[in-house]
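Trainee: dropping the sequence and predicted coords here.
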Amino acid sequence: TCASCVANIENALSKVPGVISVGVNLASDKATVEYLVGEASIADFRRVVEGAGYSIRAEAGTEDTGGSDAVMAATRREIRTLKTKLIFAGIIGAFMLLIAVSQFSGGWSWLTLVLSNHYLLWALATPVQFWAGWQFYKGTWAGLRHKRANMNTLIAVSTSAAYFYSVAAILFPDFFAAGGREAAVYFDTAAIIIALILLGRFLEARAKGQTSEAIKKLIGMQAKTARV
């Protein structure tokens with residue numbers, strides 16, 4: 001998902017005995033490895049990539065076309081998953097934002113009072129935080145296991161701070177009151193951040209998928225035979 005990921009994967013693969021050169025392309029989500037047959041294998045590459053906290057979607061040899069199809073299928077699944085999570089997080093985030101705007105603008109009504117119940121906001125924010133945003137926690141944990149921080153770490157820390165601060169404000173309001181602070185909640189902030197990041201990831205994945213399909217079509221247009 002970022003230049004740091006590229007560097008981590010390249011470093012991991014380059015340390016495999018028998019590897020001559022490694023190139024990881026962020027735009028196409030592909031790693032190209034030149035290696036000595038007999039000294040390194042696909043199993044070695046998979047082991048070190050997974051050990052670095054990542055995964056391999058498909059394997060393609062120099063004359064194998066099935067690997068490319070598998071990558072395309074995986075990309076389509078990723079796009080569908082991101083779209084579902086984006087819609088879910090976006091609807092709930094927009095709903096919370098409307099409530100927050102209504103509170104600040106003074107547009108109170110009995111409906112706003114009911115919907116602005118902190119426990120209801122907590123219930124709505126929880127699936128956004130830990131279902132729609134689970135991939136950020138997963139990426140953070142994978143990085144921390146190898147003593148690295150990445151984009152996922154930033155997103156997980158920022159949204160978790162807003163979420164758990166809000167939970168503490170609900171469960172321990174007297175603690176905040178004793179310090180002269182209002183026990184405000186920021187569930188809407190965490191939900192909107194996750195929705196915006198998912199929007200970026202969705203647009204990125206869709207652009208990559210369209211580019212890969214276009215390249216595949218261009219390759220298919222090349223001449224199958226030639227007279228020399």
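Mentor: Yep, it's here.
Trainee: for this structure, longest helix please?
Mentor: Counting by DSSP state H, the longest helix found in the chain is helix 66-105.
Trainee: just the buried positions in that helix, please.
Mentor: By neighbour count with 16 or more other CB atoms under 10 Å, helix 66-105 contains the buried residues 68, 71-72, 75, 78-79, 82, 85-86, 88-90, 92-93, 96, 99-100, 102. Using the backbone N, CA and C atoms, a C-beta is placed for each residue, glycine as well.
Trainee: what of stretch 25-40?
Mentor: The neighbour-count criterion (16+ other CB under 10 Å) identifies 29-31, 33, 35, 40 as the buried residues of stretch 25-40.
Trainee: residue 9 against residue 24, yeah?
Mentor: Yes. Because the distance of 5.1 Å satisfies CB atoms under 8 Å, residue 9 is recorded as touching residue 24.
Trainee: show me the helices in this structure, by range?
Mentor: Ranges of helices within the chain are 3-14, 42-51, 66-105, 110-115, 118-127, 134-145, 151-171, 173-178, 187-220, based on DSSP H.
Trainee: quick one: low-confidence parts of this structure?
Mentor: Along the chain, segments meeting pLDDT under 70 span 58-68, 103-116.
Trainee: contacts only, for residue 53.
Mentor: 8, 139, 142-143, 145-146, 148 (CB atoms under 8 Å, 6 or more residues apart in numbering).
Trainee: how about TSV for those residues, with distance to residue 179 and neighbour count added?
Mentor: Shown next, in TSV, are the contacts of residue 53 (distance: CB to CB, whole Å; neighbours: other CB atoms under 10 Å):
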residue	distance to residue 179	neighbour count
8	42	21
139	35	20
142	37	18
143	34	22
145	36	11
146	38	11
148	36	16
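Trainee: I'd like those laid out as JSON lines, including distance to residue 195.
Mentor: Written out in JSON lines, the entries for those read as follows (distance: CB to CB, whole Å):
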{"residue": "8", "distance to residue 195": "27"}
{"residue": "139", "distance to residue 195": "17"}
{"residue": "142", "distance to residue 195": "23"}
{"residue": "143", "distance to residue 195": "23"}
{"residue": "145", "distance to residue 195": "27"}
{"residue": "146", "distance to residue 195": "29"}
{"residue": "148", "distance to residue 195": "26"}
